[in-house]
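Novice: coordinates only, sequence not included:
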């Protein structure tokens, strides 16, 4: 059974940083593309960042140069380092496995999410 468990969310002021983690079990992260997505109240899921099996990365324009995605294959854990946070980054952040780029319906496995709240 595949499980993805996110952690690291919280409340920060604009300009602050957070590091999200996604611990995986039942799946080997190195074999799949992995992604971070977020959902803000009243909005659709938005792809934030993805890392692919060849190590290449994809970012939403809104987070380029502020967010970094990485993974530790030995620990089977995915990370999202978020710097210079803005109120518009507020949302429930999910990690997902086995998909394509930043296309939410293409991902097969999802975590439960961790809340990020950025105040002005």
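Specialist: That came through, no problem. Source: prediction; values computed, not measured.

Novice: so which residues of the chain form strands?
Specialist: The residue ranges that make up the strands of the chain, judged by DSSP state E, are 3-7, 10-13, 18-25, 34-39, 46-51, 57-59, 67-72, 77-82, 91-97, 109-110, 114-119.

Novice: okay, which residue of this protein is out on the far edge from center?
Specialist: Here the chain reaches farthest from its C-alpha mean at residue 120, the gap being 22.0 Å by Cα atoms, centre = their mean.

Novice: and the gap between it and residue 68?
Specialist: Computed with Cβ to Cβ, to the nearest Å, the distance linking residue 120 and residue 68 is 24 Å. To be clear about C-beta, it is placed using only N, CA and C from the backbone, and glycine gets the same treatment.

Novice: test my guess that the residue farthest from the centre of the chain contacts residue 85.
Specialist: No: at 10.8 Å, residue 120 does not count as touching residue 85 under the criterion of Cβ atoms under 8 Å.

Novice: identify the contacts common to the two.
Specialist: Residues within reach of residue 120 and of residue 85 at once, by Cβ atoms under 8 Å, 6 or more residues apart in numbering, are residue 14.

Novice: so for stretch 41-51, what gets flagged as buried?
Specialist: 45-51 (16 or more other Cβ atoms under 10 Å).

Novice: just want the most central residue of this protein.
Specialist: Residue closest to the chain centre, computed by Cα atoms, centre = their mean, is residue 36 at 2.4 Å.

Novice: neighbours around residue 94, how many?
Specialist: Other residues within reach of residue 94, judged by other Cβ atoms under 10 Å, total 23.

Novice: please read the previous query as pertaining to residue 109.
Specialist: By the measure other Cβ under 10 Å, the count of residues near residue 109 is 18.

Novice: in the sheet, who's paired with it?
Specialist: According to DSSP bridges, the partner residues bridging residue 109 are residue 97.

Novice: perfect, that will be all.
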